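A.B. asks: Pasted the sequence and its predicted model underneath.
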Amino acid sequence: MKILGIESSCDETAASVVEDGRKVLSNVIASSVEEHKLYGGVVPEIASRRHAEAISNVVKKALDDANCTIDDIDAVAVTYAPGLIGSLLVGVNFAKGLCASTGKPLVPVHHLRGHIASNYISSDIEPPMLCLVVSGGHSHITIVKSYTEFEVIGKTCDDAAGEALDKAGRTLGLEYPGGISIDKVSKNADENAYKFTRPKVHGSKYDFSFSGLKTAVINTVHNAKQKGQDINVADLAASFQKSVVDYLCDNLEKAAKDFGYSKICLAGGVSANSKLRAEIEKMCKKNNYELYLPELKYCGDNAVMTASQGYYEYKDNNIANFELNAYATMPIDRPIF
């Protein structure tokens with residue numbers, strides 16, 4: 001079964017054809033990240049305009065690269081939530097038009113479910129499992145009960161880990177995206193040079209709070225400037241990254257022990273962070289857990305993950321009509337219908 005996936009939740013316009021949920025036949029991405037670098041972050045209006053300009057050619061190339069026509073496609077899967085609403089609407093409306101004109105089934109895909117599905121492309125992993133989903137907009141510890149059934153047991157109460165890393169990177173004067181730049185400059189730095197107090201969260205013991213850590217970096221930089229003191233950018237970046245990664249790993253380890261999961265996976269844009277991958281690998285090795293990591297090329301936003309998850313949603317009969325809308329926010333564990 002061949003699924004055409006379409007992804008446009010942020011600043012990447014992507015399309016892909018995936019067979020039977022795991023075999024990648026094409027993977028096409030058009031990114032506007034270089035334009036957003038001028039502003040130090042994603043500008044929603046620019047992102048949605050670039051999606052509108054690129055989506056037709058991106059989908060056509062995905063079909064051509066897969067040596068397919070639309071007649072060979074069994075269903076069209078599209079990211080409908082969560083994300084930038086203007087960006088999402090471009091993908092959703094394109095998919096609706098394509099399905100209306102061809103009679104193909106329309107399959108809605110939750111963006112975070114898609115990120116989790118990136119592991120299906122990279123390995124033979126199957127649910128049930130415990131997944132840490134970390135991105136610019138979300139930080140979840142999620143029980144993946146089946147391909148289409150999820151339970152969030154831990155989440156951020158404020159900023160997501162990726163957002164905190166990006167904003168800290170911007171404060172340190174690093175190139176956008178800040179999280180990637182922090183990862184790079186931290187390689188040979190002293191990650192114990194600066195100490196950060198871990199926030200206490202009232203609620204689930206698996207929940208996170210990153211806004212205080214982010215603010216601590218901002219205050220450290222501002223206080224040093226006011227006193228005319230120099231900041232070692234690499235050391236501060238490495239110390240902050242260590243605080244974020246340790247926080248994520250510790251809560252994940254607690255959840256795995258408490259809920260009895262020994263099969264662990266990582267997903268989302270921050271899953272490409274080298275420090276996070278290394279520390280989770282150490283944690284899993286210590287506890288004799290199975291660890292599954294998505295390939296780096298599938299960590300960021302792409303349509304391979306959308307097509308993969310779309311395959312399982314389609315098999316579960318999660319098919320939309322042409323009233324399908326886009327949503328800026330949507331819980332991952334909410335049933336699609």
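C.D. replies: Received, thanks. Numbers count the residues shown, from 1 in each chain.
A.B. asks: use CA for all of it now, contacts and neighbours both
C.D. replies: Fine.
A.B. asks: Tell me which stretches of this protein form helices.
C.D. replies: Taking DSSP state H to define them, one finds helices in the chain at 33-37, 44-65, 85-102, 111-122, 161-171, 178-185, 211-227, 233-259, 274-287, 304-315.
A.B. asks: can I get the CA coordinates of the lowest-mean-pLDDT helix or strand in the chain in PDB?
C.D. replies: Of all helical and strand segments in the chain, the minimum by mean pLDDT, DSSP states H and E falls on helix 33-37, at a mean of 91. Output of helix 33-37 as PDB, limited to C-alpha atoms (Å, rounded to 0.1, in the frame of the first residue of the first chain):
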ATOM      1  CA  VAL A  33      14.900  28.300   7.000                       C
ATOM      2  CA  GLU A  34      17.500  30.600   5.400                       C
ATOM      3  CA  GLU A  35      14.900  33.300   5.000                       C
ATOM      4  CA  HIS A  36      13.800  33.000   8.600                       C
ATOM      5  CA  LYS A  37      17.400  33.200   9.800                       C
END
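A.B. asks: Out of the helices of the chain, indicate the one that is most buried.
C.D. replies: Looking across the helices of the chain with neighbours counted as mean count of other Cα atoms under 10 Å, the highest average goes to helix 304-315: a mean of 29.
A.B. asks: Show me what it is in contact with.
C.D. replies: Contact with helix 304-315 is made by 1, 3-7, 15-18, 20-22, 24, 26-27, 75-79, 107-109, 111, 113-118, 120-121, 147-148, 298, 319, as judged by Cα atoms under 8 Å, 6 or more residues apart in numbering.
A.B. asks: Okay, angle between it and helix 111-122 too, please.
C.D. replies: 100 degrees (axes from the mean of the first three to the mean of the last three Cα atoms, to 10 degrees).
A.B. asks: rewinding a little: filter the contacts of helix 304-315 down to the ones in strands?
C.D. replies: 3-7, 15-18, 24, 26-27, 75-79, 107-109 (DSSP state E).
A.B. asks: Show me which of the contacts of helix 304-315 are buried.
C.D. replies: 3-7, 15-18, 21-22, 24, 26-27, 75-79, 107-109, 111, 113-118, 120-121, 147-148, 298, 319 (16 or more other Cα atoms under 10 Å).
A.B. asks: gap between the most centrally placed residue in the chain and Glu295?
C.D. replies: Geometric centre of the chain, nearest residue: Gly268, 2.7 Å, by Cα atoms, centre = their mean. As judged by Cα to Cα, to the nearest Å, Gly268 and Glu295 stand 11 Å apart.
A.B. asks: Please apply the same query to His111.
C.D. replies: Taken as Cα to Cα, the span from His111 to Glu295 is 17 Å.
A.B. asks: now swap in Asn251 and tell me
C.D. replies: Distance from Asn251 to Glu295, by Cα to Cα: 23 Å.
A.B. asks: Please apply the same query to Lys2.
C.D. replies: 21 Å.
A.B. asks: Would you mind telling me which of the two has the busier surroundings?
C.D. replies: A direct count of neighbours by other Cα atoms under 10 Å for Lys2 and Glu295 places Lys2 higher, at 22 against 16.
A.B. asks: Wait, that one touches Lys23, no?
C.D. replies: No. Using Cα atoms under 8 Å, Lys2 makes no contact with Lys23, being 9.2 Å away.
A.B. asks: tell me the domain ranges of this structure?
C.D. replies: 2-116+301-315, 125-297 (automatic domain parsing).
A.B. asks: Do me a favour and get the end-to-end distance for the last one?
C.D. replies: Taking Cα to Cα, domain 125-297 runs 18 Å from one end to the other.
A.B. asks: Report the mean confidence score over it.
C.D. replies: Domain 125-297 shows a mean pLDDT of 96 in the predicted model.
A.B. asks: So what's the gap between that domain and the chain middle?
C.D. replies: Put simply, domain 125-297 sits 13 Å off its chain's centre (Cα atoms, centre = their mean, to the nearest Å).
A.B. asks: what does the first one give?
C.D. replies: Relative to its parent chain, domain 2-116+301-315 has a centroid offset of 14 Å by Cα atoms, centre = their mean.
A.B. asks: distance between the ends of it?
C.D. replies: Span of domain 2-116+301-315 from end to end, Cα to Cα: 12 Å.
A.B. asks: just stretch 134-145 next, same as before
C.D. replies: 19 Å.
A.B. asks: buried stuff in that stretch?
C.D. replies: Applying 16+ other Cα under 10 Å to stretch 134-145 flags Val134, Ser135, Gly136, Gly137, His138, Ser139, His140, Ile141, Thr142, Ile143, Val144 as buried.
A.B. asks: hmm, who's touching it?
C.D. replies: By Cα under 8 Å, 6+ apart, stretch 134-145 touches 127-133, 150-156, 159-164, 166, 206, 208, 252, 255, 266-271.
A.B. asks: Stretch 154-172 now?
C.D. replies: 40, 134-142, 175-182, 201, 204-211, 213-214, 217-218, 221, 233, 237, 241, 244, 269-270.
A.B. asks: okay, how far is it across it, tip to tip?
C.D. replies: Start-to-end, stretch 154-172 (Cα to Cα) is 29 Å.
A.B. asks: coming back round to it: make JSON lines out of the domains of the chain and add distance to Glu323.
C.D. replies: Putting the domains of the chain into JSON lines (distance: least, Cα to Cα, whole Å) gives the following:
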{"stretch": "domain 2-116+301-315", "distance to Glu323": "9"}
{"stretch": "domain 125-297", "distance to Glu323": "21"}
